[in-house]
Each structure stands twice: as C-alpha cells, then as structure tokens.
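Undergrad: With the input below, show me the fold.
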Amino acid sequence: MASLSDNLIANFASKFFLNEDVIKKAHEILRLIKLKSATNKSINSLNDNTQVILSLDIASLELGYNFDKEFALQLSGLRKRLYNTYYQLFKKILGLESCLTIQNVCIQNNCTSVQNECDKLFEKYKKSDKLGTKDFDHPQYACMCVYIICRIYNVKVSKSKLMEMCNLKKSQWLTLESDFGKFIEGIGLQAHKSKTDTKTKAENEQILKEEVDSKEKEAAQEEIQESYETWKARMLKYAKES
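TA: As a prediction, this is how the structure comes out:
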C-alpha cells in the first residue's frame, strides 16, 4: 500500500510533468532528509507538501531536468527567499552544496568577457583578509566581485539576480558592497556609480527598517499559516473518521 509521501510525490510530480526517474530520485532525497533531520526543528516545521516539492526540485536539478520554480513557489505557499533558504538547507543536509565560482557566476550572468578581471579582484580580496575570518566558499564574495568588476567595465548585470544567487538580503548586500567599495578604493580601483546604485545613509537605514518590518509580518503570516495547516490536518482526520 502506498504511503502518504508516495502519493504526494506522484501527485506533485504529475503537476510538474516529471518522469519516473525524477520521482525515484525524489523518494530517495525525501527519505534521506527525514532520516538526517529527525531532530531538526526547522525542517520538521515544514508541511509534507513543501518537503515533497523541495525534494522534486533537487531531484530535477541532480538529473538535469527543468523545474518550474515559480509554480513551486505557488504550491509551497512560501515566500521566494524562504523557499531558497530551505532549498539550500536541504542541499546542505544531503551534502550537495557546491561552491559557486567566479566562472559559474560569469557564465550564468553572460559576462565571461570580464572573468579574468573578476578572478584577479577575488584573489586580491582574499589576500586582504589578514585574520582569515572570512569564508570565501560563501557565494556572496564571488557574486560581489563580478558585480564590482562589471560596474568598473560598464558591463550590464542584474543586481537582483546576483543577490538571489548568493541568497543575501538587500541590507546584507549593501553592507558587503560598502566593504568592497572601501577595498577597491584602497587598491586604486573605482566602480562607476549609477543613480540607482547610489544610496544615501538615510535610504540605507530605511531599507533596514523595512526589512525588520517585513520579518515581523512574515513571522505573523507563518503563524497564521501554521494554524491553518493544523486546522486542515484536523479536518482531514475528522473527515476520515466520520
């Protein structure tokens, strides 16, 4: 007899038009997630539907199949940033994390013409960390190097895409950008500033305030969503018993 997770995987796989290979892989991923995160409160707080969707997403990636992220967001009920956070957490638990290199970032942002300059900047930035306190495997540094070099050489890239690739909030990105700004000034480089890039102190403070407000709203919404999920489960159980 098929289990609840079997039925859910088959159901959602059909919505995404995924084949048996992906379904089989998703089963394996979900089993490992449940096994390795039995005491992980963050994972256990996710409902079964979301865990299945994330498993299908990762299974598709591993097997090289396309996966509709926007549709996944709709079905999961999660905000884009929260979905990406859980996605990265699943990959970390499964040991599937991959270091995002300068080359990867340049290829994905169609700016390979400045890859060599990005590599040079990254190496110089690494050497500036005299205390060795920074984790340069974190994708934020590769993404920021590409962003800075593209500004210097007037190569168009999407800041929002780069932020999404390294999973940084706007306030975190601005802090890192400020740090890089001081660094490149110290080594004699200067990035071109556009009107959209130039932020006053007051504007940055407003961004931070908005993110704090947003966090509070998300927390309230998640509480409401959790209450709804609890209610739905209770209603389904009651319906089966009736």
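
Undergrad: Report the secondary structure element holding Val146.
TA: helix 139-152 (DSSP states H and E).

Undergrad: Ile93: what's it in contact with?
TA: Counting by C-beta atoms under 8 Å, 6 or more residues apart in numbering, Ile93 makes contact with Leu32, Ile33, Lys36, Ser37, Asn40, Ile43. For every residue, glycine as well, the C-beta is placed using N, CA and C.

Undergrad: Apply 7 Å and report the result again.
TA: By C-beta atoms under 7 Å, 6 or more residues apart in numbering, the contact list for Ile93 reads Ile33, Lys36, Ser37.

Undergrad: just Val155 next, same as before
TA: Counting by C-beta under 7 Å, 6+ apart, Val155 has contacts Cys111, Ser113, Val114.

Undergrad: if we go to 10 Å?
TA: By C-beta atoms under 10 Å, 6 or more residues apart in numbering, Val155 lies in contact with Cys106, Asn109, Asn110, Cys111, Thr112, Ser113, Val114, Glu117, Val146, Tyr147, Ile149.

Undergrad: okay, the contacts of Ile93 in a markdown table with pLDDT next?
TA: Converted to a markdown table, the contacts of Ile93 look like this (pLDDT from 0 to 100):
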| residue | pLDDT |
| --- | --- |
| Ile33 | 94 |
| Lys36 | 89 |
| Ser37 | 87 |
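
Undergrad: By neighbours, which of the residues you listed wins?
TA: The most crowded member of these, judged by other C-beta atoms under 10 Å, is Ile33 (21 neighbours).

Undergrad: can you give me the end-to-end distance of stretch 36-51?
TA: One end of stretch 36-51 sits 14 Å from the other (C-alpha to C-alpha, to the nearest Å).

Undergrad: What are the buried residues along it?
TA: Ser37, Ile43, Leu46, Asn47, Thr50, Gln51 (16 or more other C-beta atoms under 10 Å).

Undergrad: okay, now the domains of this structure?
TA: 4-94, 102-186, 205-242 (automatic domain parsing).

Undergrad: wait, what's in contact with the spatially most central residue of the chain?
TA: Most central residue of the chain, judged by C-alpha distance to the mean C-alpha position with C-alpha atoms, centre = their mean, is Asn84 at 3.3 Å. For Asn84, the contacting residues are Lys69, Leu73, Leu78, Glu164, Met165, Asn167, by C-beta under 10 Å, 6+ apart.

Undergrad: Tell me which entries of these lie within strands.
TA: Per DSSP state E, strands hold no members of these.

Undergrad: Report the two of these separated the most.
TA: Leu78 and Met165 (18.5 Å; C-beta to C-beta).

Undergrad: thinking again about what came up before, where's the residue nearest to the centre of the chain, which helix or strand?
TA: Going by DSSP H and E, Asn84 is part of helix 80-94.

Undergrad: Many thanks, we can stop here.
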